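> Model the structure of this input:
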Amino acid sequence: MKEIDEINHLIKNHHEFIASSIPLIASENITSLAVRRALMSDLQHRYAEGLPGKRVYAGCEFIDRIELLAIELAKEMFNADHANVQPTSGSVANTALFAAFTKARDTMMALNIKDGGHISMSKVGIAGKFGLNISYLPFDIYEMNIDVDRAAKLIRETEPKLVLFGASVFLFPHPVKELRDVAKEVNAVVAYDASHVLGLIAGKRFQHPLKEGADVVTSSTHKTFFGPQHGIILCREEFAESIDRAVFPGVVSNHHLHCVAALAIALCEMKAFGEEYAKQTVKNAKALASALADEGFKVIAEHKGYTESHQVLVDVEDIGGYRAEKMLEKARILVNRNLLPHDRERSRNFRDPSGIRIGVAEVTRLGMKEDDMEEIARCIADVLLHKRDPEKVAARVADLRKNYTKVEYSFDENEAHIW
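As a prediction, this is how the structure comes out:
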């Protein structure tokens, strides 16, 4: 059929585009061939509703063993009493969190989208659809973090059922240990959305939320982590039953078994290579931020070393975030426009915010180092500051990218081609 030919042609075009681009989307990474083989396995056709050993379907002996392996690997890696690997995304994991510990009209505290919070935590997202009353954590624009004193005061005043840390714009560790005792004064569950920093936590380069007092950690598994697009929940033993019941039958039926197998392999990869990868990721983010500042950009949080994660936030108000994103896309440098916390004072909206968010998780896994970050910064500056022809810059981008065709920090060894 002509439609199949067209679809295959478009997939091929996409692969060719990505293979000659610099992918700097902070919410993306790249999976190894071993993970992709698991995704293509027969498991993608099968059902296994329920927990291992308590399935609704027959034929689950090996599926059970795979899921149990993933659970044990996750518990070991994150020093967690309990792990549930069934959520099909980070948003689904947050949905289970809300279902487990809140009901309509309860108060929850989390970051506002304008301060970097994820849409699932917002009034327009899943939390709002649950009917939760959302009180936003106070944010310190200068420090690019939650304001501890103001947050403590607000927690005591509002007595939320749930306090949720974590963000989509996540430059620095959140004050979990500083606010945990305050949350417990009002009997709130303390949770932490680790979607962006899960790989950095596994690699011991970011805060460990469970050790710092979080009761529950929710996460996607494909940003700084090496996994497929899936979800995971980690928690203390006292919350295990509530989480499991909220996940199934609460928010998932079949839980994408091929993704569970792929996640198990990714956990093995992270166990073997995670510390080295996470260290290089943070080094690359700092190097890129510094290089962009040297080129003349206003990079957020200079006084704090710009970042402690995989993310860099750049103020491009004079250009506009939307326009900057599109200009860089023509040069095959992929970033995304992003609100800055002070956009609320500038009356900016999401369609054209004043910032761009840059992430180095994927280029780090492709093997890039600090020198490459300097070249990327030069290319970005040539497009946005020096007004060079984006298509000519795209040729330089392609020349840089052709040196990186293998997924590093994996067991792929000599398998050189990504696609």
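
> just the helices in the stretch 251-400 of the chain please.
257-295, 321-330, 343-346, 361-365, 370-384, 390-401 (DSSP state H, counting those that start in this stretch).

> Over to the stretch 101-250 of the chain?
Using DSSP H, counting those that start in this stretch, helices in the stretch 101-250 of the chain cover 126-129, 148-158, 176-185, 198-202, 240-245.

> quick one: which of those helices is nearest residue 42?
Closest approach to residue 42 among the helices of the stretch 101-250 of the chain is made by helix 240-245 (26.0 Å; C-beta to C-beta). Bear in mind the C-beta positions are built from the backbone N, C-alpha and C, glycine included.

> what is the mean pLDDT for that closest one?
For helix 240-245, mean pLDDT rounds to 97.

> Counting by contacts, list what that helix packs against.
strand 82-84, helix 90-101 (3 or more C-beta pairs under 8 Å, 6 or more residues apart in numbering; DSSP states H and E).

> Give me the contacts around the first one.
Meaning strand 82-84. Residues from elsewhere that reach strand 82-84 (C-beta atoms under 8 Å, 6 or more residues apart in numbering): 70-71, 74-75, 96, 232-237, 239-240, 243-244, 247.

> same deal with stretch 324-336?
By C-beta under 8 Å, 6+ apart, stretch 324-336 touches 17, 20-26, 316, 319, 337, 356-358, 376, 379-380, 383-384, 390-391, 393-394, 397-398, 401.

> Only the buried subset of these, as a PyMOL command please.
Of the contacts of stretch 324-336, the buried ones go into a single PyMOL selection, burial set by 16 or more other C-beta atoms under 10 Å:
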select buried, resi 20+21+22+23+24+26+316+319+337+356+357+358+376+379+380+383+384+390+393+394+397+401
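
> can I assume residue 355 is in contact with residue 320?
No. Residue 355 is not in contact with residue 320 according to C-beta atoms under 8 Å; the separation is 9.9 Å.

> Looking only at neighbour counts, state which of these two leads.
residue 355 (25 against 19; other C-beta atoms under 10 Å).

> who does the more buried one bridge with?
For residue 355, the beta-bridge partners are residue 315, residue 338 (DSSP bridges).

> Now do the residue of the chain most remote from its centre, the pLDDT please.
Distance from the centre of the chain peaks at residue 1, with 37.8 Å (C-alpha atoms, centre = their mean). pLDDT for residue 1: 87.

> Then the one 3 residues further on?
Note for residue 4: predicted pLDDT of 93.

> any idea which of the helices of the stretch 251-400 of the chain is most buried?
Highest mean neighbour count among the helices of the stretch 251-400 of the chain (mean count of other C-beta atoms under 10 Å): helix 361-365, with a mean of 27.

> which other helices and strands contact that helix?
Checking 3+ C-beta pairs under 8 Å, 6+ apart, helix 361-365 ends up next to strand 22-23, helix 257-295.

> Tabulate the ones you listed in CSV, adding columns for mean pLDDT and distance to residue 226.
Formatted as CSV, the helices and strands packed on helix 361-365 follow (pLDDT from 0 to 100; distance: least, C-beta to C-beta, whole Å):
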stretch, mean pLDDT, distance to residue 226
strand 22-23, 98, 15
helix 257-295, 98, 4
